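A.B. asks: Just need the structure, nothing else, for what follows:
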Amino acid sequence: MNKNLKILAGIIIIILIIWGISSMNKKDSGNLNLENETIKIGLISPLSGPLAYLGEPILESFDLYYSENDNYEIIVEDGKCDTKTALSAGNKLIFTDKIDLLISGVCSNSTLTLEKIAKDNGILIFTPISASSKLSGVGEHFARISSPTSISSVKTAEVLKEKGFKNIVVMFENIEYPKGAKNDLVKSFEDENHKILSVESFGYGQTDLKTQALSATLKKPDAIIIFSISPTTANPLVNEIRTIDENIPIIGNEVFMSSQIIEKDVNQGVNFISYHHDAEGQKFSEFKNLFFKKYEKQIQQIYYGAAAYDLANLVDLSFKKCGLDNECISDYFYSLENFDGVSGKISINEDGDAERDFSLFKIEDKKYKLVQ
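C.D. replies: The predicted structure is shown next:
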């Protein structure tokens, strides 16, 4: 063997050794046999505070999907809709529990914090309902099956104009998601024929809202638009507005489909704009029956629970297809088109956002129905 051949053979041997070591250290990927693996999923969701009404059914819906699958370990942390708490929980899940995937259950402020540490540590992060526009396009480590406020607020502006509302007041809870929705609506609504008379803010979880309600009604708007994040604020605000003027139209955001809101007498007749869905349809009925069979109670936030159940399903399907290959899982989510979930059709665009339809609903007889 001449000198050049010896050198070539040596290089090939070194490459094979390196490849072998790399293969030993690399997690299995592609068509993972889940029977031989336990996949750790970290779930951070508000289980205390004003947003627990959302965090609990999201947790229960994840548990409902995975309860009969021993291949998944769901490690749960209470994020409290607080960025510092969420950051601490995220660090624990990533560095102590060694999770394979992170789910941020609800709050946009928490999700914005968590996506950064997930990205820095090579962890994928998904969310069922966080809606801040700031999350759009943050990277392929992140995807959501909710739409950003930039989409929902455009739809809200369209509906308001179609209904003939030319002069409105916008009220928002001062936390990431409602604040972003307010900003996007201001951009979408105002033109030479449509004016926002004032923008009124109120604190996260604030319940004494007489001052804000009086200020809003004194402007004599065609309608008052409310971006709230929980019934804790939405219910007393509507009550204060109705006490001053019982006839002024009120249009809320998707929070108004919460059972704690639709069951209140003062909220009957209130409209809200949310993701297009049929709460009385077959898929929702089947989901409610599954939920009741497991927990022996009715689910309180049917749409949010359905969205969490859909995300759990998609995560499961992605692991079955890709194993622990993050790039493959990311590609799976980014290629979703018209996935037929319980919560509706799901397609994800190049920014990691779900492209969903929005509709106008009305609260009547302590239920809500589709208007358009």
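A.B. asks: Let me see the domain layout of this structure.
C.D. replies: The record's domain parsing of the chain by automatic domain parsing lists 34-147+281-357, 150-276+360-370.
A.B. asks: now the last one, how far from the centre of its chain.
C.D. replies: It refers to domain 150-276+360-370. 20 Å (CA atoms, centre = their mean, to the nearest Å).
A.B. asks: what does the longest one give?
C.D. replies: The offset between the C-alpha centroid of domain 34-147+281-357 and the centroid of the whole chain comes to 8 Å, using CA atoms, centre = their mean.
A.B. asks: ok, and the closest non-adjacent residue to Ser110?
C.D. replies: Leaving aside its chain neighbours, Ser110 sits nearest to Ala86 (3.7 Å; criterion: CB to CB, 6 or more residues apart in numbering). C-beta: built from backbone N, CA, C; applies to glycine.
A.B. asks: Doesn't that neighbour belong to a helix?
C.D. replies: Yes. Ala86: assigned to a helix according to DSSP: H, G, I helix; E, B strand; the rest coil.
A.B. asks: coming back round to it: adding mean pLDDT and mean neighbour count as columns, could you present the domains of the chain in a markdown table?
C.D. replies: Formatted as a markdown table, the domains of the chain follow (pLDDT from 0 to 100; neighbours: other CB atoms under 10 Å):
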| stretch | mean pLDDT | mean neighbour count |
| --- | --- | --- |
| domain 34-147+281-357 | 95 | 20 |
| domain 150-276+360-370 | 95 | 19 |
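A.B. asks: And the strands in the stretch 1-150 of the chain?
C.D. replies: For the stretch 1-150 of the chain, the strands defined by DSSP state E, counting those that start in this stretch occupy 39-45, 72-78, 101-104, 124-127, 142-144.
A.B. asks: Parallel or antiparallel, list what pairs with the second one.
C.D. replies: The one in question is strand 72-78. Using DSSP bridges, the strands paired with strand 72-78 are strand 39-45 (parallel).
A.B. asks: Please save the CA atoms from the partner strand in PDB.
C.D. replies: Below are the C-alpha coordinates for strand 39-45, written out as PDB (Å, rounded to 0.1, in the frame of the first residue of the first chain):
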ATOM      1  CA  ILE A  39     -40.700  11.200  27.000                       C
ATOM      2  CA  LYS A  40     -40.700  14.000  29.600                       C
ATOM      3  CA  ILE A  41     -42.900  17.000  28.800                       C
ATOM      4  CA  GLY A  42     -42.800  20.000  31.100                       C
ATOM      5  CA  LEU A  43     -46.100  21.900  31.400                       C
ATOM      6  CA  ILE A  44     -46.100  25.400  33.000                       C
ATOM      7  CA  SER A  45     -49.600  26.800  33.500                       C
END
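A.B. asks: from now on call the first residue 346
C.D. replies: All set: I'll call the first residue 346, so the last point we hit is now strand 384-390.
A.B. asks: Show me the one of the strands of the stretch 346-495 of the chain that comes nearest Lys714.
C.D. replies: Evaluated over those, closeness to Lys714 peaks at strand 487-489, with 27.0 Å, by CB to CB.
A.B. asks: ok, now which ones touch the nearest residue to Leu681 once chain neighbours are set aside?
C.D. replies: With CB to CB, 6+ apart as the criterion, Leu681 has its nearest non-adjacent residue at 4.6 Å, and that residue is Ile693. When contacts are counted by CB atoms under 8 Å, 6 or more residues apart in numbering, Ile693 touches Ala488, Arg489, Ile490, Phe678, Tyr679, Ser680, Leu681, Ala699, Glu700.
A.B. asks: From Ala463, how far off is the fourth one?
C.D. replies: From Phe678 across to Ala463, the span is 14 Å (CB to CB, to the nearest Å).
A.B. asks: OK, contacts around the most centrally placed residue in the chain?
C.D. replies: For the chain, Ile474 is the residue whose C-alpha lies nearest the centre (CA atoms, centre = their mean; 1.0 Å). Counting by CB under 8 Å, 6+ apart, Ile474 touches Leu399, Ile403, Gly450, Val451, Arg489, Ser491, Tyr649, Ala652, Ala653.
A.B. asks: my guess is the second one meets Ala653, correct?
C.D. replies: Yes. Ile403 sits in contact with Ala653 when judged by CB atoms under 8 Å, with a separation of 4.2 Å.
A.B. asks: shared neighbours, the two?
C.D. replies: Gly450, Pro473, Ile474.
A.B. asks: Show me what the residue nearest to Lys437 when sequence neighbours are not counted is bridged to.
C.D. replies: Once flanking residues are discounted, Lys437 sits nearest to Glu422: 6.8 Å by CB to CB, 6+ apart. As for beta bridges, Glu422 partners with Ile389 under DSSP bridges.
A.B. asks: Surely Glu422 is in contact with Asn436?
C.D. replies: No. Using CB under 8 Å, Glu422 is not in contact with Asn436; the gap is 10.2 Å.
A.B. asks: what do those two both touch?
C.D. replies: Common neighbours of Glu422 and Asn436 (CB under 8 Å, 6+ apart) do not exist.
A.B. asks: mind listing the helices in the stretch 396-545 of the chain by residue range?
C.D. replies: 397-411, 428-436, 453-465, 494-507, 521-534 (DSSP state H, counting those that start in this stretch).
A.B. asks: Next, format those as a markdown table and append distance to Asp670.
C.D. replies: What follows is the helices of the stretch 396-545 of the chain, written out as a markdown table (distance: least, CB to CB, whole Å):
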| stretch | distance to Asp670 |
| --- | --- |
| helix 397-411 | 20 |
| helix 428-436 | 22 |
| helix 453-465 | 16 |
| helix 494-507 | 30 |
| helix 521-534 | 32 |
